[in-house]
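A.B. asks: the amino acid sequence is not available; the structure is as follows:
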């Protein structure tokens, strides 16, 4: 599958308004021109000098109500709403736009905080995490080289319930974005108790919780990577594996392994990494790597638009 063409074509079918609140970045400006020229979405760059003063006042009041139990003042709320990032997030919350994409000139914690504080959590999952769509060239594994990796950017040490919810939200995303059947592997350094260590209990418990929540979903663990994605290895290591070595959603046990894993595949295998897509929120948004190219921004906008359809 040509993942870029697929995403852009799907986004075009129901064009959405996606905000880009980093007007100083030339990559963002270039991406917006491509998005609008190709009709992928209606990309709107949020510029500070074009922000509506009445909207700033409205959003400041709403933000104060959302955050007053955290000790925020009216003055704090108004100051924060002068930021294009937070202004864009509140536009999405109030339905003035379908989603936002940022991170070219903001850190992941900056983008995640704005998203969590303004958009709120998806009550189904109650944990915000991130995933990458990984397209690996000349690869027979996954869905012809397509995988979802999570969590690669948000939760450093998820507990068992958080890990289960990360798996479920990533599976839902895979179905929504690519229309594929999610086959979820809960990764570890052990396959079905081939090793013994306290850290494995979290992965086992997360697998149990996820299966209990979604008995219809193909999910298994704990699995080593080769057992998860290579059918021949799966037969040797785990005769009862329902995934049969065909996992396309890979859930890492912590942020160290997730972040290292996606960058290894991206840099050494020449994989296309689209994201990080923020999940577990009430509205769609996408983070960016600060080392991104304009084409990366275009693809993240396409993903965000599809999620909003």
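C.D. replies: Noted; the coordinates are in hand. As the structure is a prediction and not an experimental result, all values here were calculated from the model. Numbers count the residues shown, from 1 in each chain.

A.B. asks: could you use CA atoms for every contact and neighbour count after this?
C.D. replies: Fine.

A.B. asks: what ranges do the strands span in the stretch 101-250 of the chain?
C.D. replies: 129-135, 146-150, 183-187, 218-223, 249-251 (DSSP state E, counting those that start in this stretch).

A.B. asks: buried residues of the helix or strand following the shortest one, list them for me.
C.D. replies: It refers to strand 249-251. Downstream of strand 249-251, the next assigned helix or strand under DSSP states H and E is helix 255-268. Judged by neighbour count using 16 or more other CA atoms under 10 Å, the buried positions of helix 255-268 are 255, 257, 258, 259, 262, 265, 266.

A.B. asks: likewise stretch 51-71?
C.D. replies: Neighbour-count burial for stretch 51-71 flags 51, 56, 59, 60, 62, 63, 64 (criterion: 16+ other CA under 10 Å).

A.B. asks: ok, so of these, who is nearest residue 148?
C.D. replies: residue 63 (33.1 Å; CA to CA).

A.B. asks: what strand or helix carries that closest one?
C.D. replies: Take DSSP H and E as the rule and residue 63 turns out to sit in helix 53-67.

A.B. asks: other SSEs contacting that helix?
C.D. replies: helix 74-81, helix 84-93, helix 108-119 (3 or more CA pairs under 8 Å, 6 or more residues apart in numbering; DSSP states H and E).

A.B. asks: for the residue in the chain sticking out farthest from the centre, give me the pLDDT.
C.D. replies: Ranked by distance from the centre of the chain (CA atoms, centre = their mean), the top residue is residue 236, with 32.9 Å. For residue 236, the pLDDT comes out at 89.

A.B. asks: returning to that earlier point: and residue 6, which of the helices and strands packed on helix 53-67 is closest to it?
C.D. replies: Nearest of the helices and strands packed on helix 53-67 (CA to CA): helix 84-93, 24.9 Å.

A.B. asks: chain center to that closest one, what's the gap?
C.D. replies: Computed by CA atoms, centre = their mean, to the nearest Å, the chain-centroid distance of helix 84-93 equals 18 Å.

A.B. asks: quick one: that helix to helix 53-67, angle?
C.D. replies: Counting by axes from the mean of the first three to the mean of the last three CA atoms, to 10 degrees, helix 84-93 lies at 80 degrees to helix 53-67.

A.B. asks: contacts for helix 84-93 next, please.
C.D. replies: For helix 84-93, contacts defined as CA atoms under 8 Å, 6 or more residues apart in numbering pick out 19-22, 46-48, 51, 56, 59, 80-81, 97-100, 102, 111, 114-115, 118-119, 283.

A.B. asks: distance of residue 213 relative to residue 128?
C.D. replies: Residue 213 is 18 Å from residue 128, where distance means CA to CA, to the nearest Å.

A.B. asks: low-confidence ranges in the stretch 1-150 of the chain?
C.D. replies: Residue ranges of the stretch 1-150 of the chain with pLDDT under 70: none are present.

A.B. asks: between the buried residues of stretch 51-71, which is nearest residue 198?
C.D. replies: residue 63 (42.0 Å).

A.B. asks: for that closest one, what are its contacts?
C.D. replies: With contact set as CA under 8 Å, 6+ apart, residue 63 has these partners: 77, 118.

A.B. asks: for residue 172, the count of nearby residues, please.
C.D. replies: By other CA atoms under 10 Å, the residues close to residue 172 number 17.

A.B. asks: chain neighbours aside, what residue packs nearest to it?
C.D. replies: Using CA to CA, 6 or more residues apart in numbering and skipping residues adjacent in sequence, the residue nearest residue 172 is residue 182, 7.8 Å away.

A.B. asks: was I right about that neighbour contacting residue 246?
C.D. replies: No - using CA atoms under 8 Å, residue 182 is not in contact with residue 246; the gap is 10.0 Å.

A.B. asks: low-confidence ranges in the stretch 151-300 of the chain?
C.D. replies: For the stretch 151-300 of the chain (pLDDT under 70), the answer is 193-195, 239-240.

A.B. asks: can you list the domain ranges for the protein.
C.D. replies: 3-120+283-308, 129-268 (automatic domain parsing).

A.B. asks: just put the ones you listed in JSON lines and tack on distance to residue 277.
C.D. replies: As requested, these are exported to JSON lines (distance: least, CA to CA, whole Å):
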{"stretch": "domain 3-120+283-308", "distance to residue 277": "5"}
{"stretch": "domain 129-268", "distance to residue 277": "5"}
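
A.B. asks: among the strands of the stretch 101-250 of the chain, show me which one is buried the most.
C.D. replies: Ranked by mean neighbour count, the strands of the stretch 101-250 of the chain are led by strand 249-251 with a mean of 29 (mean count of other CA atoms under 10 Å).

A.B. asks: so what touches that strand?
C.D. replies: 142, 147-151, 163, 166-167, 170-171, 174, 182-187, 258.

A.B. asks: swap in 6 Å and give it another go.
C.D. replies: Outside strand 249-251, the residues that touch it by CA atoms under 6 Å, 6 or more residues apart in numbering are 147, 148, 149, 150, 183, 184, 185, 186, 187.
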